[in-house]
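Undergrad: prediction below, plus the sequence it came from.
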Amino acid sequence: MTYLRCSIIPPYVLRRLAQAEPGLADAVGFALDDGASVRHRRELTGTRWPDGDPGGGQGIIAWPMQQRAGAGAERQVVGAVEVPASATPDRSVHDAQQRTELPGRLVRAEGQPPTADASVDEAYDGLGATWEVLARVYGRDSLDGRGLPLLATVHYGRSYDNAFWDGRQMVFGDGDGVYFVGFTRSVDVVAHELAHGLTQYTAGLTYVGQPGALNESASDVWGSLVRQWVRGQTVEEADWLIGAELFTDRVQGVALRSMAAPGTAYDDPVLGRDPQPGHMDDYVVLPHDADNDNGGVHVNSGIPNRAFHLFATALGGHAWERAGQVWFDTMTTRGSIPRDADFLRFAAATVTAAERRYGERGEVEQALRSAWAGVGIEVAARV
């Protein structure tokens with residue numbers, strides 16, 4: 001039986017905050033305790049490869065092409081299974097009203113107009129943007145490939161410093177107002193947490209050590225892709241930050257993480273310094289327990305994050321196109337990677353995916369091999 005709660009703020013950040021700010025100790029302590037208890041009381045309902053096939057029959061089998069205008073720009077869409085143009089997400093946003101019972105009171109259902117609550121509308125829009133990228137770019141209908149309803153709860157707890165995916169739904173706190181603001185403000189955070197659901201229904205990467213870091217990195221990749229899609233940005237225009245809107249002015253930092261430069265996102269007297277490495281030479285070896293971030297899943301994810309950034313920027317254009325397609329194929333193709341894949345195994349799988357879709361020894365494969373080499377991971381050449 002597998003239990004999991006994936007959250008955007010690592011426990012080591014919350015522990016520093018609780019120690020430094022006595023006035024926030026109760027609220028932050030609750031966030032830490034709640035994170036631990038959720039991991040043990042909510043069983044994942046999704047399984048890897050539902051009905052024996054990832055994404056309801058999706059895989060790199062047939063690749064239809066279509067054109068769609070979106071976010072002010074026409075985009076080429078490549079997907080394994082074309083989602084009908086008439087298809088829409090199935091969203092519902094609930095209000096916990098500062099309590100912790102889920103899902104809370106329904107306040108906005110699919111197709112209903114905006115409310116007077118910014119958190120509700122930001123969550124609704126973030127769910128929709130994530131669905132759009134999966135459906136219109138990659139031909140996948142929601143997280144499970146079968147139109148899974150997207151459920152979110154806002155105003156969870158009091159001054160709750162986190163957002164998380166609990167195996168069934170999204171949950172957002174309002175932040176403490178001193179260091180963190182509301183967790184619906186960054187669309188990449190919404191997409192990041194939803195993407196844990198995508199991983200749950202596809203690759204099923206174990207949330208510990210290197211596979212756990214890949215799990216976190218995949219969510220950062222999807223979060224960044226959705227952010228760039230919403231803004232219509234090229235790889236050169238994107239800031240490659242995760243959670244850039246979450247800090248208050250009190251924090252000395254620009255975001256929770258930087259995919260372009262891991263380890264540089266923040267350096268704050270209270271929150272500490274961004275611990276992410278961007279190269280295997282700096283890989284952080286930690287015990288595989290909850291007190292050590294499950295072996296550094298939020299720490300060492302900087303390495304595959306940096307590899308994706310190098311790959312996408314080498315190709316240019318829009319990251320959700322060729323670079324994102326390779327990551328999507330790797331995560332959703334049956335048999336591509338095992339649940340306990342380490343960095344090298346995952347890197348090799350991305351190269352295989354690139355070869356299958358774009359041809360061997362072409363521009364995409366060469367850019368990808370160079371990107372992995374740039375973070376200290378050498379994928380053996382095909383003989």
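TA: Okay, I see it.
Undergrad: what's the distance between residue 350 and residue 282?
TA: Distance, residue 350 to residue 282, by CB to CB, to the nearest Å: 21 Å. The way it works is simple: take the backbone N, C-alpha and C, and place the C-beta from them, glycine included.
Undergrad: residue 13 too?
TA: Between residue 13 and residue 282 the computed distance is 19 Å (CB to CB).
Undergrad: quick revisit: the more surrounded of residue 350 and residue 282?
TA: Between residue 350 and residue 282, counting by other CB atoms under 10 Å, residue 350 is the more crowded of the two (27 against 16).
Undergrad: tell me which other helices or strands the strand or helix carrying residue 14 touches.
TA: Using DSSP states H and E, residue 14 maps to helix 11-20. With contacts defined as 3 or more CB pairs under 8 Å, 6 or more residues apart in numbering; DSSP states H and E, the packing partners of helix 11-20 are helix 25-41, strand 272-273.
Undergrad: how does it look with 10 Å?
TA: helix 25-41, strand 267-268, strand 272-273, helix 293-296 (3 or more CB pairs under 10 Å, 6 or more residues apart in numbering; DSSP states H and E).
Undergrad: okay, these, which one's buried deepest?
TA: helix 293-296 (a mean of 24; mean count of other CB atoms under 10 Å).
Undergrad: dump it to CSV, keeping only the CA atoms.
TA: Below are the C-alpha coordinates for helix 293-296, written out as CSV (Å, rounded to 0.1, in the frame of the first residue of the first chain):
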residue,chain,number,x,y,z
ASP,A,293,13.3,15.3,2.4
ASN,A,294,13.0,11.6,1.4
GLY,A,295,16.6,11.6,0.3
GLY,A,296,16.6,15.1,-1.1
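Undergrad: which residues touch it?
TA: By CB atoms under 10 Å, 6 or more residues apart in numbering, the surrounding residues in contact with helix 293-296 are 4, 10-13, 39, 206-213, 215-216, 275-277, 283-289, 299-300, 302.
Undergrad: just the buried ones among the residues you listed, please.
TA: Buried subset of these (neighbour count, 16 or more other CB atoms under 10 Å): 4, 10-13, 39, 206-213, 215-216, 275-277, 283-284, 286, 299-300, 302.
Undergrad: go through the protein and flag its longest helix.
TA: The single longest helix within the chain, with elements called by DSSP state H, is helix 209-231.
Undergrad: quick check: mean pLDDT across that helix?
TA: Regarding helix 209-231, the rounded mean pLDDT is 98.
Undergrad: which strands or helices does the helix or strand following it pack on?
TA: Next along the chain after helix 209-231, taking DSSP H and E as the criterion, comes strand 241-242. Secondary-structure packing of strand 241-242 (3+ CB pairs under 10 Å, 6+ apart): helix 187-201, helix 209-231, strand 257-258.
Undergrad: would a markdown table of those with distance to residue 266 be doable?
TA: Putting the helices and strands packed on strand 241-242 into a markdown table (distance: least, CB to CB, whole Å) gives the following:
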| stretch | distance to residue 266 |
| --- | --- |
| helix 187-201 | 15 |
| helix 209-231 | 15 |
| strand 257-258 | 9 |
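Undergrad: and the helices and strands packed on helix 11-20 as CSV, adding distance to residue 175 and mean pLDDT?
TA: Formatted as CSV, these follow (distance: least, CB to CB, whole Å; pLDDT from 0 to 100):
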stretch, distance to residue 175, mean pLDDT
helix 25-41, 10, 70
strand 267-268, 15, 98
strand 272-273, 18, 96
helix 293-296, 21, 94
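Undergrad: among those, which comes closest to residue 90?
TA: The closest of the helices and strands packed on helix 11-20 to residue 90 is helix 25-41. By CB to CB, the value is 24.0 Å.
Undergrad: in contact with the residue nearest the centre of the chain: list those residues for me.
TA: Nearest to the geometric centre of the chain sits residue 219, at 1.9 Å (CA atoms, centre = their mean). Contact analysis of residue 219 by CB under 10 Å, 6+ apart lists 6, 8, 165, 188-189, 191-199, 242, 301.
Undergrad: now do 6 Å
TA: By CB atoms under 6 Å, 6 or more residues apart in numbering, the contact list for residue 219 reads 192, 195-196.
Undergrad: so which of the residues you listed is the closest to residue 111?
TA: Closest approach to residue 111 among these (CB to CB): residue 195, at 24.1 Å.
Undergrad: quick check: chain neighbours aside, which residue is closest to the closest one?
TA: Among residues not flanking residue 195 along the chain, residue 222 sits closest, at 3.7 Å (CB to CB, 6 or more residues apart in numbering).
Undergrad: where does pLDDT dip in the stretch 1-150 of the chain?
TA: When residues are selected by pLDDT under 70, those of the stretch 1-150 of the chain lie in 1-5, 35-81.
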